[in-house]
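Participant: From the sequence below, what's the structure:
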Amino acid sequence: MAATSKKKKKSVPIDQEFIENMEKSLLKLKSEIVENLIASSNDFKEIVEGMDPKDLVDVASDDIDRKMIEAIGSQELKRLKLIESALTRIKQGKYGLCIKCSVKIPSDRLQAIPYALMCIECKTEEERRNR
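Facilitator: Predicted coordinates for the structure are as follows:
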């Protein structure tokens with residue numbers, strides 16, 4: 001029986017306090033991106049000014065206006081989508097687990113990239129294939 005290159009590990013539940021801290025961090029990142037967009041884009045600012053302040057953080061995930069989407073740089077849009085995905089995974093109880101192999105993503109990686117989707121091994125493998 002040949003050994004596989006990827007070891008199947010049992011996933012250990014992630015500490016709830018850690019998840020709550022990461023959720024706060026993700027919401028802060030999302031808010032910062034929106035604030036930077038407001039500061040750098042008059043069109044975006046005009047759209048947001050008429051909104052209720054409590055909705056400000058949700059602006060990035062809503063398809064409110066085509067101008068707003070155009071104002072978001074492709075990198076920022078990608079980050080916002082990843083942040084939204086991470087927040088959704090928190091609600092589903094799947095945050096911190098690699099989407100490919102279901103192994104727990106190390107907390108150091110999540111602290112560095114709170115919206116990481118994959119463990120380092122799977123991400124490295126994906127990057128090698130995409131070269």
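
Participant: Show me the shaky parts of the chain.
Facilitator: Across the chain, the ranges flagged by pLDDT under 70 are 1-13, 37-74.

Participant: Can you show me the helices along it?
Facilitator: Secondary structure of the chain, counting by DSSP state H: helices at 16-40, 42-49, 66-71, 74-92, 107-112, 120-129.

Participant: okay if I get the ones you listed as a markdown table plus distance to residue 101 and mean neighbour count?
Facilitator: The C-beta positions use only the backbone N, C-alpha and C, and glycine is treated the same way. Putting the helices of the chain into a markdown table (distance: least, CB to CB, whole Å; neighbours: other CB atoms under 10 Å) gives the following:
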| stretch | distance to residue 101 | mean neighbour count |
| --- | --- | --- |
| helix 16-40 | 20 | 15 |
| helix 42-49 | 38 | 15 |
| helix 66-71 | 33 | 14 |
| helix 74-92 | 15 | 15 |
| helix 107-112 | 14 | 13 |
| helix 120-129 | 6 | 13 |
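
Participant: nearest to residue 100, of these?
Facilitator: Set against residue 100 and scored by CB to CB, these come closest in helix 120-129, at 4.3 Å.

Participant: what helices or strands is that closest one leaning on?
Facilitator: Of the remaining helices and strands, none touches helix 120-129 by 3 or more CB pairs under 8 Å, 6 or more residues apart in numbering; DSSP states H and E.

Participant: Distance check, residue 29 against residue 121.
Facilitator: 25 Å (CB to CB, to the nearest Å).

Participant: sorry, back to before: Serialize the helices of the chain to a markdown table and add fields for distance to residue 98.
Facilitator: Shown next, in a markdown table, are the helices of the chain (distance: least, CB to CB, whole Å):
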| stretch | distance to residue 98 |
| --- | --- |
| helix 16-40 | 15 |
| helix 42-49 | 34 |
| helix 66-71 | 30 |
| helix 74-92 | 11 |
| helix 107-112 | 10 |
| helix 120-129 | 5 |
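
Participant: What is the neighbour count of the residue lying closest to residue 82 once chain neighbours are set aside?
Facilitator: Excluding its sequence neighbours, the residue lying closest to residue 82 (CB to CB, 6 or more residues apart in numbering) is residue 115, at 3.9 Å. Residues lying near residue 115 (other CB atoms under 10 Å) number 22.
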